[in-house]
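Undergrad: Mind looking at a prediction? Sequence and model below.
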Amino acid sequence: MKVVVIGGTGLIGSKLVRRLVEQGHEAVAAAPSTGVDTLTGEGLAEALAGATVVVDVSNSPSFEDQAVMDFFRVSTANLLKAEAEADVRHHVALSVVGTDRLLGSGYFRAKQAQEELIEASGIPYSIVHATQFFEFAKGLADGVTVGDTVRLPAGRIQPMVSDDVAAAVARAAVGAPVNGVVEAGGPESFELEEFIRMGLTAQGDPRKIVTDPQATYWGAELQEDTLLPGPDAELGEVRFADWLAGQK
């Protein structure tokens, strides 16, 4: 079947397109660089013609509160309208484990708004909630670094490699719509401080890492299990230490 991947040239999108093609599907990588812009609607009708499934793994270029909200509201509304006109049968979106528990963050409020638009659209859908990616450990640390110190909130995290994220999204894309959320996570959980410490140490990054009761996760307060998937989550197989060893 024809699957259009919005954000199909990015980290997850490119892996997803390759995986779907290997499975025998026609996978179209849709992004501004390929002439498809969900913010303006440019190229959407042409890309979606004949599509059975649309998968949205796009992300906002800015994480500033209003910019990210505008991105997800406008792009999602445009995409869903084009899907209805093209008679698309299944909308799949990649979101984040704990989104509804992280609404102190402007980014997660925007992701929640995206999910609500999808749920109200009338198009059969599946939303994949994934945990943090291995690849983003350094970026997460950079966002909470003050001077040479990384200040993290207390809490646990169950990260996963991007290949396993793409695999989870691919399973949703070729399966029947669940009209709800499917969770995906890594095979093991860590204290947030431990996860970041492992990631930075492997890169020879000398920053000091501390758990700070006043620190937040992208602006949101954390409970111990905020970032953890539930017991029915699909778990990847790649362990963080093994992935880190392979990066050297």
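TA: The structure has been received and is ready for your questions.

Undergrad: Show me the contact partners of the lengthiest helix in the chain.
TA: If you go by DSSP state H, the chain has its longest helix at helix 65-86. With contact meaning CB atoms under 8 Å, 6 or more residues apart in numbering, helix 65-86 is reached by 6, 38-41, 44-45, 48-51, 54, 56, 58, 60-62, 91, 106-107, 109-111, 113-114, 117-118, 121-123. In short, each C-beta sits where N, CA and C put it, glycine included.

Undergrad: Next: stretch 29-43.
TA: In contact with stretch 29-43 (CB under 8 Å, 6+ apart) are residues 4-10, 13-14, 17, 44, 47, 58, 71, 74-76, 78-79, 82.

Undergrad: Kindly recompute the last result at 10 Å.
TA: 4-10, 13-14, 16-18, 21, 28, 44-48, 51, 54-56, 58, 60-61, 70-72, 74-79, 81-82 (CB atoms under 10 Å, 6 or more residues apart in numbering).

Undergrad: That stretch: how far from the chain's middle?
TA: 19 Å (CA atoms, centre = their mean, to the nearest Å).

Undergrad: Check stretch 193-204 too.
TA: For stretch 193-204, the distance to the chain centre is 21 Å (CA atoms, centre = their mean).

Undergrad: Next: stretch 119-134.
TA: 9 Å.

Undergrad: Next, the buried residues of it.
TA: S121, I123, Y125, S126, I127, V128, H129, A130, T131, Q132, F133, F134 (16 or more other CB atoms under 10 Å).

Undergrad: Likewise for stretch 217-231?
TA: Y217, G219, A220, L222, T226, L227, L228, P229.
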